[in-house]
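> Predicted model, plus sequence, below.
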Amino acid sequence: MSNFTVNFAVYGALNGGNENQTQAVNVAVQLQKALDANDGIVTINNTTLGPDPSKGNKKHFGALVTVNGSAHYFACEEGQTIDFYHSIAPTN
């Protein structure tokens, strides 16, 4: 049984920084698979999370993941690696 349950996960960018051109996708399924396969250590990139939702733009990631029964928020830029077990953020 997994120690991780993805409640919500999004990956994307504003096309060229334009606030009217959001290019983001739901990546909850992809993140759950990556967490289960990699013991909670996941590099956030197009390879892990699927096709590039915003070609040519630096992507960002945000998620709400339940870790051992407690919900926690996570966020980072494209190319960064998160240890979802050891880098738990407060949920206040």
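Received it, and whenever you're ready, just let me know what you need.
> Grab the longest helix from the protein for me.
helix 28-37 (DSSP state H).
> Point out where this structure drops to low pLDDT.
Scanning the chain with the threshold set as pLDDT under 70 gives 1-2, 89-92.
> hmm, back to that, packing partners of the longest helix of the chain?
strand 4-14, strand 41-43, helix 46-49, strand 60-67 (3 or more C-beta pairs under 8 Å, 6 or more residues apart in numbering; DSSP states H and E). C-betas here are computed from N, CA, C, even on glycine.
> If we use 6 Å, what do you get?
strand 4-14 (3 or more C-beta pairs under 6 Å, 6 or more residues apart in numbering; DSSP states H and E).
> which residues are in contact with the longest helix of the chain?
Helix 28-37 has contacts (C-beta atoms under 6 Å, 6 or more residues apart in numbering) with 2, 4, 6, 9, 42, 48, 49, 50.
> Of those, just the buried ones, ChimeraX syntax please.
Those of the contacts of helix 28-37 that count as buried under 16 or more other C-beta atoms under 10 Å are selected in ChimeraX with:
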select :4,6,9,42,48,49
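> can the contacts of helix 28-37 go into a markdown table with extra columns for distance to residue 68?
Shown next, in a markdown table, are these (distance: C-beta to C-beta, whole Å):
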| residue | distance to residue 68 |
| --- | --- |
| 2 | 10 |
| 4 | 8 |
| 6 | 14 |
| 9 | 18 |
| 42 | 17 |
| 48 | 22 |
| 49 | 23 |
| 50 | 26 |
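> Please consider this matter closed, and thank you.
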